[in-house]
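[1] Have a look at this prediction, sequence included:
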Amino acid sequence: MTFYEILVILSLILWIVASLIAIFGMLALLPRLLKGVRQIEEVTDEFLRKALPVLDQSQQVLDQVGTVTTSLVEDVERIDRTVIRATSSVESMVELAEDRVSEINALLEVAVEEAEETFFSTAAIMRALRLGGRGRKRRRSSRSERRRLG
């Protein structure tokens, strides 16, 4: 036998020993792995058992939130329409009030002009009466003087 053949036989023996060790190690670990897989399955089942009601409740909550959101959107749209109508109503009322104020200002101007004219004409009449009364007194006195004189 040559050195090369001895080396091949030893390497085969080492491979066989290493393979047997690996096989026995796997056989020793296999129950532990199976036990771990079973525990993972149990934890998963327990998690699903506990999580499904929570998921159902969260779905119900999401549905309710969707309903509330839809209701809020409708309410906001209704409020928006109401505000728009109120704004247009207030604008028209302001325009109407401005028109009324303009009319009242025009009426007041006419009333002031009429009052001024009445005041001035009354004052003129009063002055004329005063002056006319003085002139008549003079005229009367002159008439009385004329009567005396003949």
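    That came through fine.
[2] all helices for this protein, in order.
    Here the chain has its helices, by DSSP state H, at 3-149.
[3] got any ranges where it has weak pLDDT?
    Within the chain, the ranges that satisfy pLDDT under 70 run 133-150.
[4] how about 90 then?
    Scanning the chain for pLDDT under 90 picks out 1, 4, 26-33, 50-51, 53-55, 120-150.
[5] Give me the most central residue, it.
    With distances taken as Cα atoms, centre = their mean, the residue of the chain nearest its centroid is V76 (8.1 Å).
[6] Compute the distance between that residue and V83, please.
    10 Å (Cβ to Cβ, to the nearest Å). Every C-beta, even on glycine, is put in place using the N, C-alpha and C of the backbone.
[7] overlap in contacts of the two?
    Counting by Cβ atoms under 8 Å, 6 or more residues apart in numbering, no residue touches both V76 and V83.
[8] how far away is K50 from E41?
    Distance from K50 to E41, by Cβ to Cβ: 15 Å.
[9] okay, now K35: neighbour count?
    Residues lying near K35 (other Cβ atoms under 10 Å) number 10.
[10] same deal with L129?
    By the measure other Cβ under 10 Å, the count of residues near L129 is 11.
[11] cool, D45 as well?
    Burial of D45 is recorded as 10 neighbouring residues (other Cβ under 10 Å).
[12] got it, and G66?
    Burial of G66 is recorded as 10 neighbouring residues (other Cβ under 10 Å).
[13] One more: Q57?
    10.
[14] same check, this time on F3
    There are 7 residues near F3, going by other Cβ under 10 Å.
[15] What of S102?
    Around S102 there are 10 residues (other Cβ under 10 Å).
[16] any idea how far V43 is from it?
    84 Å.
[17] D99 now?
    For D99, the distance to V43 - Cβ to Cβ - is 81 Å.
[18] now do R127
    Distance of R127 to V43, given as Cβ to Cβ: 118 Å.
[19] what do you get for E77?
    49 Å.
[20] before we move on, what about E113?
    Per Cβ to Cβ, E113 is found 100 Å from V43.
[21] Over to S71?
    Distance from S71 to V43, by Cβ to Cβ: 41 Å.
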